[in-house]
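Engineer: Structure for the following, please:
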Amino acid sequence: MENAQLISLSRQIALERLIDVAANNIANLNTTGFKAEKVLFEEYLMPVARDRDFAWPDQPLSFTNDWGTMHDMRNGETAMTGNPLDVALLGDGFLTVMTPEGERWTRGGSLQINAKGILVDLNGYPVIADGSEVQFDQEETDITIAADGTISTGAGAKGRLQMVEFANTQELTREGRGLFAGGTPIPATGTEVLQGSVERSNVSGITEMSEMIRVSRSYQSLASLMQRQDEIRRAAIQRLGDATA
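Structural biologist: Model (predicted):
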């Protein structure tokens, strides 16, 4: 009975992780450029005990192991905003921003110009173009961003957005605030910029809510099963005590 409870407990721990991820996805349903997260599980076979004098066919025990998470990098829908500083990336590329910890990558294309005239993302991190920040003067108007990421104003070209791609996006580490780190960035060749638009989150609210309901019911079922196991154990102990009395 202890084994049955331990197996149920391993499943409950995995379900807790699953519902945390689903809740985070739902919380970012309206976050520009957000990529959903998925949980990966694997079967963990309990090592066979040394003493097998009383072996039986179902002796191997299978536990649930929270193996890791993966990024759902499918593109979200493109929404037109009309804001010249908004950009949607058509393809698998990322924008490069400079943080206090170094370069990071984002799909969030809601850009803005800060009080110092520097192009930044919604977190306030400078957006990199041609290896440096993009600086605007107060008199500069008519900002345009071409499909290849080239930024221009009435005063001329300001640089080209530093867009990167990754051979394996699962190597990236999610840091929150729509930022990714790690991986091996290479210059983007299959990504275009659409000015005046943003990429919406690729989270499906209906799917995630359905998943949370399913996980909650599974967790409650396991809790009821473990309670019944406790009742069986107590009854067995009581009967053994009565028999030896």
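
Engineer: Give me the distance between the residue nearest the centre of the chain and Gly68.
Structural biologist: The chain has Glu37 as the residue nearest its centroid, 3.4 Å off, counting by C-alpha atoms, centre = their mean. Taking C-beta to C-beta, to the nearest Å as the measure, Glu37 falls 10 Å from Gly68. Every C-beta, even on glycine, is put in place using the N, C-alpha and C of the backbone.

Engineer: Then Ala181?
Structural biologist: 16 Å.

Engineer: do Ile151 as well
Structural biologist: The gap separating Ile151 from Gly68 is 38 Å, by C-beta to C-beta.

Engineer: Tell me where the model's unsure across the protein.
Structural biologist: 1-6, 8, 10, 41-67, 230-233, 236-237, 241-245 (pLDDT under 70).

Engineer: 80 instead?
Structural biologist: For the chain, the stretches with pLDDT under 80 are 1-14, 40-69, 219-245.

Engineer: Grab the longest helix from it for me.
Structural biologist: helix 205-244 (DSSP state H).

Engineer: residues in contact with the residue nearest to the centre of the chain?
Structural biologist: Neighbouring residues of Glu37 by C-beta atoms under 8 Å, 6 or more residues apart in numbering: Val21, Asn24, Asn25, Thr69, Met70, His71, Asp72, Arg174.

Engineer: ChimeraX command for the buried members of those?
Structural biologist: The buried residues among the contacts of Glu37 can be selected in ChimeraX (16 or more other C-beta atoms under 10 Å) with this line:
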select :21,24,25,71
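
Engineer: In CSV: the contacts of Glu37, plus distance to Gly117.
Structural biologist: As requested, the contacts of Glu37 are arranged in CSV below (distance: C-beta to C-beta, whole Å):
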residue, distance to Gly117
Val21, 39
Asn24, 35
Asn25, 36
Thr69, 39
Met70, 39
His71, 34
Asp72, 36
Arg174, 31
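
Engineer: quick check, nearest of the contacts of Glu37 to Ser204?
Structural biologist: Nearest to Ser204 out of these is Asn25 (C-beta to C-beta; 8.7 Å).

Engineer: tell me the secondary structure for the closest one?
Structural biologist: The three-state label given to Asn25 by DSSP: H, G, I helix; E, B strand; the rest coil is helix.

Engineer: quick one, what contacts it?
Structural biologist: Ala36, Glu37, Val203, Glu208.

Engineer: And the residues you listed, which is closest to Asp142?
Structural biologist: Val203 (35.1 Å).

Engineer: Okay, the closest one and Glu211: tell me how far apart.
Structural biologist: Applying C-beta to C-beta to Val203 and Glu211 gives a distance of 11 Å.

Engineer: Break the chain down into its structural domains.
Structural biologist: The chain breaks down by automatic domain parsing into domains covering 2-74+203-244, 78-199.

Engineer: Single out the most deeply packed of the ones you listed.
Structural biologist: Highest mean neighbour count of these: domain 78-199, a mean of 17 (counted as mean count of other C-beta atoms under 10 Å).

Engineer: What helix or strand is Met70 located in?
Structural biologist: Per DSSP states H and E, Met70 falls inside strand 62-71.
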